[in-house]
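**Q** give the three-dimensional model of this entry:
(2 chains)
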Amino acid sequence: MLGYYVDLAIRSLKRSPGLTLLMILAVAFGVAASMTSYSVFRAVSGDPIPWKSSQLYVPQIDIWGPKGRLDQTDNNDPPDAMDYAEAVDLMRAHRAKFQSAMYRVSPSIVPPDPTMHPINVGGHAVYSEFFPMLDVPFKYGSGWSAESDAQRAAVVVISSKLNQKLFGGANSVGKTLDIDGKDYRVVGVLDNWNPKPVFYDVVNTGGFTTEQEDVFLPFQRAIDVAMPNDGNTNCSEMPKGSGFVGLQQSTCVWIAYMAELDDKAAAAAYKDYLDGYFREQKAAGGFDWPLNNRLRNLPEWLASEHVVPSDTKISLVVALGLLVVCLVNTAGLLLAKFLRRSSEISVRRALGAPRMAIYTQFLIEAGTVGLTGGLLGLLLTWVGVWGVSWVLPKEISTLAHIDVSLLVLTLLVAVVTTMLAGLYPTFRASRVQPALQLKSN
Amino acid sequence: MQIRPILAALRHHKAGSLLIALQVALTLAIVCNALFIIHGRLTHLSQPSGVDEDRLLVVENQWAGKPDAGHIGSMMSADLNFLRQMPGVSNAYATDAYPLRGGGMSYGIGLVPDKLKYAAESALYFADENGIDTLGLKLVAGRNFRADEIGQIDAHSPIEPAEAIITVDLAKALFHGQAAVGKVIYLSAKPTVIIGVVERMQIPWTYSDMAKWSGNSTLIPLRQLVDTFDYVVRTEPGQVDEIASRVRAALYAQNRMRVIDADGGVLTYAQVRAKAYKNDRGIAILMSAISLVLLAITGAGIVGLTSFWVGQRRKQIGVRRALGATRNDILSYFLTENLLIAVAGVTIGGVLAVALNFWLMKQFEIDRLAPGYVLAGVVALLVLGQAAVLAPALRASHVPPVEATRSV
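**A** Below you'll find the predicted structure:
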């Protein structure tokens, strides 16, 4: 029976090719526009570390007070990064399972191969717990130990890309690397790790960036050699001292911080510790404003930092609007098409076909339009995603891609929404009064 | 033209008419807001930077091996001398940032030393005596820096210049129309005297939340001796691409212990501009494409449904023609019918447009929709509706009176 209905649908669609083409095009364009926007939205709003994001927390302590609010619209939020003193205090207290203060660096490397020009790399100065905390995968070697942190050892973890560039992809653990004029021993090579957004430090990277993360070195080592920070520095007052040391003594914020807290109880205990830290400082005369700390888990943190660009969301809303219009359009055309066949329906009904059979027949016809529109929509989505790559900035457009789940979703959305659009026209068709129609003929 | 018979006929195909009206309404709501967003982006990206873009290119230079400040100073001077002597180059200077660069420094500028009571926000640009000439800025009051006024500082050193040159926009924000030259401002606790005013120089950022002070810039006579900085190079007219293609190799030939990225280390100002506004242009293109598809689909939908109605009513049209209705009567019947539906649609659509804008304003902090956009959208959709219905209506007007006598 189903095969018969499909056959009927195709015959009927062929009878008015113009109208059919119009419906298919409407479905195809509507689906393609929304799927293209969705592919961009999906790329920037995904959870970068889904198995652990609810256990990763970013603490914020109000070291500036109300006078230092950068942005009055931001719900009285404390600074979104830390000054040096605060970061070091928190690391020393070591209250979480894993934690790391970190700042972005952009040193130069003189390649071991003397024929190569020096290169510039990006990366972060972190503590040893950064690697186990974020489940960073290694190809060779590993991160460094807590002792190396304490000894401010000259060690470095490099990305697989940099390893490819400098060492031809071979195991480079134990080799030496000249970073900013000093020798560092390679202890680990990462295995393709390039999370987007750069969730561990969205303050200094903006979340989405075309810059690579090529080197990770011990935080205190980087401080010792005065490796400057390559990110945002926000100050509520001018540093009193000069140079990098002046920055470390100031209340300017430039350090990102992340801690792993495995359950609610651990998070509550950590929040208590932060509040205690604030009160201690207040008692010492540091702060003369009320307690205003935050402890957000990763999803909450990414939302509060507005990591997903609002342009992406607006595009998605507008594209979904286009899909709705296309469906209203399809509903109107299907209605016209179905009611035109009132006499055919009447004959079928008069010959004993139940309403259910009419429903099935016409919904299958709508579904056929949806499926054809969806197939064309797939093609247009592919064109759309390709077009996005030259229309939108690289850091976002390179993340948008087509995969199986997007293909399936495109077809599913096309068929389901077209059938939804076909519901009312089908209902009207099933209500056709056979007697009235047959009489008029 | 009598409206009542049309309304009576509309009652016989309520659902179809409602669907068209709904489609027109939704299209209007979306297209108005899209047009509004497009116009905002185009205005944003067409503001002048104030610099002589056709003749400028920038080189991002990083010294390798972490040289000390003294060494950086001498290498920088050597580079600048070399650049200025390159054939085809007319001037050059070193700085931390330039308009549209996307990164730089901003300070609150005060009229009193208290940092928390600043009067205006401003971008801060390091410059020397060649800065104004290189950028092609127009000095409208006062004078340029002298070579002996250029100081040198380290990274993160306090910024306390004795002199500064500001833009007209910043002067307005600070002094409300009074002459700025000779006045004292505070970047830090120490006073800075304004020695000159330039016509316009945009800030490095193009974010919408900084749009309010996008013309507030301050040039300070300092060289910052850090690893990474930019050279801004002014070429002879028409030579910018040629110089851009060979400046990297030429600088490497002078000193190879440096990094100038092969991809993006040297940019002509046209490339800087394209990069800075890529997102704005992209959103404008995306919104235009969506609006065009929307209008096309709505137009095609009207053509489709009206054609169907004409086909359905051939007999009635024949009867009317036989009873003396002219072709024009039939034509205007369908045009009026569409107008009635479209007017209903745009009425609902106008409300929807404002509601959608209100929601977008709440969610994404975009501006309030100007009424002009709704009006333009209404006119566009009414015209679109009439144009779409014209072909089927003409076909209807050609139905011969003899049709009345034929059975289906």
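**Q** bridging residues for the nearest residue to residue B:125 once chain neighbours are set aside?
**A** Closest residue to residue B:125 apart from its sequence neighbours, by CB to CB, 6 or more residues apart in numbering or on different chains: residue B:219 at 5.1 Å. Where you see a C-beta, it was placed from the backbone N, CA and C, and this is true even at glycine. Beta-bridge pairing for residue B:219 (DSSP bridges): residue B:125, residue B:165.
**Q** from chain A, how far out is residue B:219?
**A** 20 Å (CB to the nearest CB, to the nearest Å).
**Q** count the residues that sit near that residue.
**A** 28 (other CB atoms under 10 Å in any protein chain shown).
**Q** over to residue B:192?
**A** 21.
**Q** doesn't residue B:180 make contact with it?
**A** No: using CB atoms under 8 Å as the test, residue B:192 is too far from residue B:180 to be in contact (11.9 Å).
**Q** please enumerate the strands of the chain.
**A** Just so you know, I chose chain A. For chain A, the strands defined by DSSP state E occupy A:56-60, A:98-105, A:108-110, A:119-120, A:123-126, A:138-141, A:155-158, A:176-179, A:182-190, A:215-218, A:256-260, A:294-297.
**Q** sorry, should have said chain B
**A** In chain B, the strands defined using DSSP E lie at B:56-63, B:89-95, B:105-109, B:120-126, B:139-142, B:151-153, B:163-167, B:184-186, B:191-198, B:217-220, B:222-224, B:228-235, B:258-259, B:266-268.
**Q** got the angle for the fourth one vs strand B:163-167?
**A** What it means is strand B:120-126. 120 degrees (axes from the mean of the first three to the mean of the last three CA atoms, to 10 degrees).
**Q** and the contacts of strand B:120-126?
**A** Strand B:120-126 has contacts (CB atoms under 8 Å, 6 or more residues apart in numbering or on different chains) with B:94-98, B:104-109, B:131, B:159, B:166, B:170, B:173-174, B:187, B:201, B:203-205, B:213, B:216-220, B:222-224.
**Q** go again using 6 Å as the cut-off
**A** Contact with strand B:120-126 is made by B:95-97, B:104-109, B:170, B:173-174, B:203-204, B:213, B:216-219, B:222, B:224, as judged by CB atoms under 6 Å, 6 or more residues apart in numbering or on different chains.
**Q** skipping adjacent residues, who's closest to the residue of the stretch 1-150 of chain A found nearest chain B in space?
**A** Closest residue of the stretch 1-150 of chain A to chain B, CB to the nearest CB: residue A:118 (3.4 Å). The spatial neighbour of residue A:118 that comes closest, neighbours along the chain excluded (CB to CB, 6+ apart), is residue B:64 at 3.4 Å.
**Q** try residue B:361
**A** Excluding the flanking residues, the one nearest residue B:361 by CB to CB, 6+ apart is residue B:368, at 6.5 Å.
**Q** ok, residue A:167 next?
**A** Once flanking residues are discounted, residue A:167 sits nearest to residue A:175: 6.6 Å by CB to CB, 6+ apart.
**Q** the one you found and chain B, how far apart?
**A** Residue A:175 is 18 Å from chain B, by CB to the nearest CB.
**Q** could you measure from that residue over to residue A:141?
**A** In this view, residue A:175 and residue A:141 are 10 Å apart by CB to CB, to the nearest Å.
**Q** which one's more surrounded, those two?
**A** Higher neighbour count among residue A:175 and residue A:141: residue A:141, with 18 against 15, using other CB under 10 Å.
**Q** number of nearby residues for residue 108?
**A** Looking at chain A here, since you left the chain open. 22.
**Q** let me rephrase: I mean chain B.
**A** Other residues lying near residue B:108 total 14 when counted by other CB under 10 Å.
**Q** and the one 3 residues further on, by the same measure?
**A** Using other CB under 10 Å, the number of residues around residue B:111 comes to 15.
**Q** thinking again about what came up before, could you report the pLDDT at the residue nearest to residue A:167?
**A** Looking at residue A:175, its pLDDT reads 93.
**Q** still on that earlier bit, what sits against the residue nearest to residue B:125?
**A** Contacts for residue B:219 (CB under 6 Å, 6+ apart) come out as B:125, B:127, B:165.
**Q** got a pLDDT number for it?
**A** 96.
**Q** just the one 5 residues further on next, same as before
**A** pLDDT, residue B:224: 90.
**Q** kindly report the same for residue A:74.
**A** 59.
**Q** quick check: which ranges of the chain have low pLDDT?
**A** No chain in the question, so chain A it is. A:68-75, A:437-441 (pLDDT under 70).
**Q** the chain in question should be chain B.
**A** Applying pLDDT under 70 to chain B flags residues B:1, B:114-117, B:407-408.
**Q** I'm done for today, thanks for sticking with me.
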